[in-house]
Structures are given as C-alpha cells and as structure tokens.
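Colleague: predicted model, plus sequence, below.
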Amino acid sequence: MDTSQKMFEQACQVMPGGVNSPVRAYRAVGMTPRFIRSAKGAYVTDVDGVEYIDYVGSWGPMILGHAHPDVLSAAAEAMQGGLSFGAPTGRETQLAELVVSMVPHIEMVRMVNSGTEAVMSAVRVARGATGKDKMIKFEGCYHGHSDSMLVKAGSGALTQGRPDSAGVPASIAENTLTATYNDLDSVEQLLAANKNQVAAVIVEPVAANMGVVLPAEGFLQGLRDLCDQYEALLIFDEVITGFRLARGGAQEYFGVRADLVTFGKIIGGGMPVGAFAGPKKLMEQVAPTGPVYQAGTLSGNPVAMAAGLAQLTILNEHPEIYTQIEADAAWLAQQLRALEAEYHLGCTVNQIGSLLSVFFTEHPVSNYAGAKSSDLERYAAYFRAMLKHKVYLAPAQFEAMFVGAAHTKQDLLATVEAARAVMAELSAKA
Ligand SMILES: *Cc1c(COP(=O)(O)O)cnc(C)c1O
C-alpha cells in the first residue's frame, strides 16, 4: 500500500469520503486519490514523491502554473500585515479596479469567497432587481452547490425543476427551469411558457463541467436576444472562463454582453476568492446601497486579494499568454485527434481556448446528452493509464483539461507520447 492509500484510509475516518470536495475521491475512476505534497509550475508531486504533469491546475486557478513566484511573494508580503481585519483595505479596491478594467460591460464588483457564493449572490441580485423568481439554467452546466442551482432536467428538458441533491426543497427547485445547451428553442419555450416570471438565464458561456462543450455559433448572442425580448437578465457564469478565454473572459472572446458575470478560480490566484460584477444600476441593488442582502466575514481577505491581484496583473500585462495557451491546447487537441485516427478508440476531442476534453464517444458532443453518451469505463481506464505515465488528468469524464502558461512544449510532447502509449494499450485490449 502506498502512502496516498494509507493517508486516504485515515482521511475516510474523519471526513465523508475522505475529502472536502467529492470529485477528489477518485470514485469515478475506481482508484484511491493521490495525496499531493507540493506543486510547482506545470507539475504536482504526490506524497510518495512521484511527479506528474498536471492538467487539473486546481480546477482552473493555476493558469500561470503552481507556486508562481510573484503570486507567492505578494501573498507572503500581505500575510506579514495580518491575516484578516473585517474592515476595508486598499487591495480590495485595487483588485476591483483591475477587474473592471479587464472585463467589458462591468462597473462594479463584490468579492466573495467561492464561485458558489458568487453565483448564489448574482442569482439573488437578478431576482431582487427584476422582482421575478424563476431562473433558467442548462442541463449539465454547474453553477456551484447553492440550492437553486443544484437542479438539472428530469426526463424531459422542459419539465419543472427537480432537485439533483437530497436536502434541496422541491419548493426551491421548482423555480429553476432547465433548458438544453446549444438549443435556443428550448430556452424560448421556457421563456414563453413563463412570461414575466423569469428573472434570469444563467449559462456557462463555454460549458466546462460536462467536459468541455463549445457554444454553437450564435448560441450566446441568441440568448442575449431572447433575454432582451422577454425582459430577463443574462448571467454569464465565468468561474472557469473568466480571465481564461481572454483577459475579459467570454464577453470579450465572443463579443456578447451579459448583465451580470460571476468569477471564481483564477481571480484568487489559488486563494479562495469569488466575485460577481455588473453595471452600477444592478450592483447598487446590493447592500448597503440596495435591498439585496449579501455579506461575508472573510470577503476581500487581504492575503487572497494580494494573490489575486498578482495573478491578474500578470495576465493583464501579458496578453500573449492567451495566444500561447490557446495554441498549445489546440496543438494538443490536434495530436489527440491524430492518435484517435490511428488507434480508433472512439474518442471525440473538444477544445476552445486553453480548455479541452477527450470524450470517449464517437458522437459530436454539443450538449449534456452528447456528453453522457461517453463510455465512462473507457475514460476511467484512460485516466488510470495516463496517471501511470505521470500525466495527471481530471479523475472524471465530465471535467475539463486545463492548459496553462507553465506547460512547456516538452511537457506537451511528453503528454502526447504518454497518450500514444496509453491508446495503443487500450486498443490492443479492445
Ligand atoms: C467551479 C465552478 C463553480 C463553483 O465554484 P466553487 O469555488 O467551487 O464554489 C461555479 N460555476 C462554475 C462554472 C464552476 O466551474
């Protein structure tokens, strides 16, 4: 038994499933998780000293690589001044100003501690500002674990919301309607059937929590138009896409305006930060200027603000990073498709910006039903074999692969060589 296995057994005694967030438990890939000792640049090292090329990147935040020296020193310096005051600091304004300068169509920001909190609060603002209760979300899109967002469709996409988790009251879930990603008709039908009742449509502009699914040409603009027509707000959940697709996130990348945007992951540089943002008219609805209550003891934490500020400053000053990571991810996707053409495992590779996914299905994947057609056993076998070859992928099919600025050409080549060996093995077994 290796050290990770021992540590996992111990963890399972005192934490549900041995973890603080379910996907970390590796259940989808039938293994016990690697416990991580440290990480640097593009690599994570487990407690047995095995080093892996990392494509999880803490699920997105590590766009510059792990333990970036500027981010670490900014956090360390802030730490010397005290960990938390529960009172305003200059860094909060600095980070808010930087976010406003990078992201189109926003004038004000409220910092919170996670993506979940950001979405939960943005939804409250949308409801408070419109006086309407219903929300439309898309099947397979993840918006954190607040009650009203833990809903996907029942059997039909147009049925009323049914909670996806025990403990979510039906009375809350029924205000969440579920549409099909990339299907504007499914949205219009819900808007028409619930006239003057829908506060907002919330979407991941690139869906990255059912694996990576690209918005079809015109889909996001179509949502914008439908929201205008039916007087609903459009919320872009940019917890993954924010500061990743481009400095200004999906609004910049696709040229489509959202009314409210939510951030998380990258914005904190690896510290727990989330944020929601929008024009003054909407953001001034938030307490203390407006009637929508929202608060946080540790919100705007000085160390977290310093880390976020350091990371966003680098991204803002080096737009070439985006060109590089997008080109790297496109190259990786192209190599993986070439391997598929050689070994015929039945994979589909989706890629946009620095995000990609290998789906073990031959169907094009453009929505949740497509993603679900994947062979999960195949993915699990692929994951385990890649891990043996020292490539650390997400331990579940329905997650993204994150390429970052720390991945070198050599890392990418080593990854393709690992994938070649793994695909050859898997196709020999098939
Ligand atoms: C990760 C994620 C969230 C939740 O963020 P947490 O920080 O995990 O609470 C919300 N929305 C999207 C799109 C995410 O990827």
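Modeller: In hand now; what should we look at?

Colleague: and E139, how far from N209?
Modeller: As judged by Cβ to Cβ, to the nearest Å, E139 and N209 stand 11 Å apart. Any C-beta I mention is one placed from the backbone N, CA and C, and that applies to glycine too.

Colleague: and the closest residue to F254 other than its chain neighbours, how far from the ligand?
Modeller: Nearest-residue entry for F254: L220, 5.2 Å, with adjacent residues in sequence omitted and distances by Cβ to Cβ, 6 or more residues apart in numbering. Going from L220 to the ligand by Cβ to the nearest ligand atom, to the nearest Å gives 15 Å.

Colleague: next secondary structure element downstream of the helix or strand harbouring L220?
Modeller: Assessed by DSSP states H and E, L220 sits inside helix 219-230. Where DSSP H and E defines the elements, the next helix or strand beyond helix 219-230 is strand 233-237.

Colleague: what angle do that next one and helix 219-230 make?
Modeller: Relative orientation of strand 233-237 and helix 219-230, computed by axes from the mean of the first three to the mean of the last three Cα atoms, to 10 degrees: 150 degrees.

Colleague: what residues are up against the residue nearest to F254?
Modeller: V203, P205, A250, F254, V256 (Cβ atoms under 8 Å, 6 or more residues apart in numbering).

Colleague: what is the burial count for the residue of the chain found nearest the ligand?
Modeller: In the chain, the residue that lies nearest the ligand is G115 (2.2 Å; Cβ to the nearest ligand atom). A count of nearby residues for G115, using other Cβ atoms under 10 Å, gives 30.

Colleague: thought it was touching G268?
Modeller: No. Using Cβ atoms under 8 Å, G115 is not in contact with G268; the gap is 9.8 Å.

Colleague: where do the contact lists of the two overlap?
Modeller: G274.

Colleague: secondary structure class for E340?
Modeller: Classification of E340 by DSSP: H, G, I helix; E, B strand; the rest coil places it in helix.

Colleague: state the distance from it to V109.
Modeller: 42 Å.

Colleague: ok, back up a step: residues in contact with the residue of the chain closest to the ligand?
Modeller: Counting by Cβ under 8 Å, 6+ apart, G115 has contacts H143, G144, D237, V239, T262, F263, G264, K265, G274.

Colleague: try 6 Å
Modeller: Going by Cβ atoms under 6 Å, 6 or more residues apart in numbering, G115 touches G144, V239, G264, G274.

Colleague: let's have the residues you listed in JSON lines, adding secondary structure, neighbour count and pLDDT.
Modeller: Output for these, formatted as JSON lines (DSSP: H, G, I helix; E, B strand; the rest coil; neighbours: other Cβ atoms under 10 Å; pLDDT from 0 to 100):
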{"residue": "G144", "secondary structure": "coil", "neighbour count": "19", "pLDDT": "94"}
{"residue": "V239", "secondary structure": "coil", "neighbour count": "29", "pLDDT": "98"}
{"residue": "G264", "secondary structure": "coil", "neighbour count": "28", "pLDDT": "98"}
{"residue": "G274", "secondary structure": "strand", "neighbour count": "27", "pLDDT": "98"}
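
Colleague: now N350, what's its secondary structure?
Modeller: strand.

Colleague: same deal with A246?
Modeller: Assigned with three-state DSSP, A246 falls in the coil class.

Colleague: could I get the contacting residues of it?
Modeller: Neighbouring residues of A246 by Cβ under 6 Å, 6+ apart: E252, Y253, Y322.

Colleague: show me where the protein dips below the pLDDT cut-off.
Modeller: In the predicted model of the chain, residues 153-162 satisfy pLDDT under 70.
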